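Chemist: give me a model of this one.
(one chain, ligands or ions: 2)
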Amino acid sequence: MKLKTKILITCVAYIVIPMILLLGAFFGIARYVGGITPQLRFEFDEMTSDLLIDLLFAVLLILLLTSLLITRWVHASIYKPVSQLNEAMQKIREGDFSYILETNKTGEFGDLYRNYEDMRMRLKETAEEKTRQEDKNRELITNISHDLKTPITAIKGYAEGILDGVAATPEKTEKYVRTIYNKASDMDKLINELTTYSKVQNDRIPYKFMRINVADYFADCIEEIGLELEQKGIEFTYTNTVPAYTQIIADPEQFKKVINNIISNSIKYMDKPQGRIDIQIIDDNDQILIDIADNGRGIPQADLSKVFERFFRTDASRNSAQGGSGIGLSIVKKIVEDHGGYIWASSKEGISTTMHIAFRKYMEL
Ligand SMILES: Nc1ncnc2c1ncn2[C@@H]1O[C@H](COP(=O)(O)OP(=O)(O)OP(=O)(O)O)[C@@H](O)[C@H]1O
Ligand SMILES: [Mg+2]
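Modeler: Residues are numbered from 1 along each chain as shown. Ligands and ions are numbered 1, 2, ... in the order given. Down below sits the predicted model:
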């Protein structure tokens with residue numbers, strides 16, 4: 001039964017039931033009086049028939065007025081809020097989160113309105129986040145297609161060169177094959193990065209944590225990095241001030257990704273003729289600080305914290321020829337935080353950028 005019908009029945013019953021009771025009581029009294037003596041009954045009838053009609057009208061009027069007031073009150077305080085809530089829920093079901101229910105009511109309906117508003121705001125935020133995410137994913141797919149197209153075009157070109165006999169000498173053929181190999185490696189790296197990214201997003205990085213000696217670990221890392229930087233003509237320094245026995249708990253493979261991503265950014269965003277990268281491992285009480293500084297183009301102050309967000313690239317990077325999806329540092333941040341560490345960036349725009357990582361030392365109990 002609808003709420004409106006129920007309210008109507010209640011109000012009609014509010015008039016009819018007292019009327020029936022009143023009439024019943026009246027006739028009951030008349031019968032009782034009639035039972036005593038016929039004379040008394042005659043006098044009673046005479047006296048009461050007019051009075052009865054007046055009384056009935058008066059009671060009916062009072063009941064009608066009261067009923068009207070009650071109906072109005074019930075309509076305003078129960079029916080209206082319920083139907084408003086119903087309409088609001090309908091909108092939510094249709095995916096429209098703009099229907100605001102504001103109230104200064106107290107009591108159950110006040111709570112219900114406020115709970116509805118809470119729920120609506122949360123659903124709205126989730127829906128907006130989902131749309132943002134979908135937009136970013138679409139953007140990422142466009143970027144990836146773009147990044148993958150470059151090596152594929154090169155591979156096709158060089159393969160055609162070999163097939164058409166343009167690479168006539170063995171040296172030329174070797175150069176062409178080497179280029180194809182390098183381009184395929186670029187693609188492989190891009191795809192690997194994406195796979196890692198999807199794993200990072202779903203919290204599925206398979207960490208293998210272990211105790212690592214800081215000095216030994218970085219000495220190995222630096223050897224690899226140093227070779228690559230030397231080939232690229234970038235000056236490189238490494239200083240380590242932590243005591244020789246210092247250890248941290250980390251996944252060596254994943255941590256290498258952190259260092260490599262930061263270094264690859266330093267290389268990618270280098271705009272000086274003589275590039276320079278300085279790595280420092282600093283002892284800081286119960287933690288170690290890893291500072292990786294470059295003399296590249298720097299990051300605007302306003303973007304310093306944003307560079308760790310997924311898909312974020314500074315305007316300068318977006319407008320530059322260097323490709324990138326803006327996911328490298330989001331992966332770095334996730335890995336560092338999964339290790340219980342912190343990462344932040346400082347920069348002087350146009351002059352330098354430093355990535356700082358703080359890592360707790362392993363303490364023997
Ligand atoms: N060393 C740096 N110097 C100047 N800008 C930097 C440096 N490191 C990061 N950035 C800025 O931060 C942005 C985000 O870096 P991130 O590594 O997340 O993405 P990306 O390098 O653009 O793309 P990807 O790493 O996914 O290929 C970069 O686009 C760049 O604008
Ligand atoms: Mg990067």
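
Chemist: residue of this structure nearest ligand 2, please.
Modeler: With CB to the ion as the measure, G328 is the residue of the chain nearest to ligand 2, at 2.8 Å. Where C-beta positions appear, they are placed from N, C-alpha and C, glycine not excepted.

Chemist: packing partners for the helix or strand I282 falls within?
Modeler: I282 is part of strand 276-284, with elements assigned from DSSP states H and E. Judged by 3 or more CB pairs under 8 Å, 6 or more residues apart in numbering; DSSP states H and E, strand 276-284 is in contact with helix 214-231, strand 235-240, strand 287-294.

Chemist: near ligand 1, anything from it?
Modeler: No - using CB under 6 Å from any ligand atom, strand 276-284 stays clear of ligand 1, with a minimum separation of 9.2 Å.

Chemist: tell me the mean pLDDT over that strand?
Modeler: What strand 276-284 shows for mean pLDDT is 96.

Chemist: could you do stretch 289-297 as well?
Modeler: For stretch 289-297, the mean per-residue pLDDT is 97.

Chemist: who touches that stretch?
Modeler: Stretch 289-297 is touched from outside by 259, 262-263, 266, 269-272, 275-282, 316, 349-359, with contacts defined as CB atoms under 8 Å, 6 or more residues apart in numbering.

Chemist: what is the neighbour count of I180?
Modeler: Neighbour count of I180, defined by other CB atoms under 10 Å: 19.

Chemist: before we move on, what about L22?
Modeler: That count, for L22 with other CB under 10 Å as the rule, works out to 16.

Chemist: for the chain, give me the ranges with low pLDDT.
Modeler: The chain contains residues with pLDDT under 70 at 33-38, 40-45, 47-48, 140, 143, 146, 197, 199-204, 319-321, 365.

Chemist: does ligand 1 sit close to the host helix or strand of Y176?
Modeler: Per DSSP H and E, Y176 falls inside helix 170-201. No - Helix 170-201 stays clear of ligand 1 (CB under 6 Å from any ligand atom), getting no nearer than 6.6 Å.

Chemist: so which bits of that helix are buried?
Modeler: Going by neighbour count (16 or more other CB atoms under 10 Å), the buried part of helix 170-201 is T173, Y176, T179, I180, K183, D186, L190, E193, L194, T196, Y197, V200.

Chemist: what's the closest of those to T126?
Modeler: T126 has its nearest neighbour among the buried residues of helix 170-201 in V200, at 21.2 Å by CB to CB.

Chemist: give me the longest helix you can find in the chain.
Modeler: For the chain, the helix with the greatest residue count under DSSP state H is helix 107-163.

Chemist: show me what that helix is packed against.
Modeler: Using 3+ CB pairs under 8 Å, 6+ apart: helix 107-163 touches helix 80-93, helix 170-201.

Chemist: hmm, V214 and P252 touching each other?
Modeler: No - P252 lies out of contact with V214 (CB atoms under 8 Å); the separation is 11.5 Å.

Chemist: the two - which one has more neighbours?
Modeler: V214 (23 against 13).

Chemist: thinking again about what came up before, so which of the contacts of stretch 289-297 are in strands?
Modeler: Under the assignment DSSP state E, these contribute 276-282, 352-359 to strands.

Chemist: which non-adjacent residue is nearest the residue of the stretch 101-250 of the chain found nearest ligand 1?
Modeler: Closest approach of the stretch 101-250 of the chain to ligand 1 (CB to the nearest ligand atom) occurs at E193, with a separation of 6.6 Å. Distance criterion CB to CB, 6 or more residues apart in numbering; nearest residue to E193, sequence neighbours excluded, is I327 at 7.0 Å.

Chemist: ok, the one you found - how many residues close by?
Modeler: 23.

Chemist: roughly how far apart are it and N261?
Modeler: Between I327 and N261 the computed distance is 9 Å (CB to CB, to the nearest Å).
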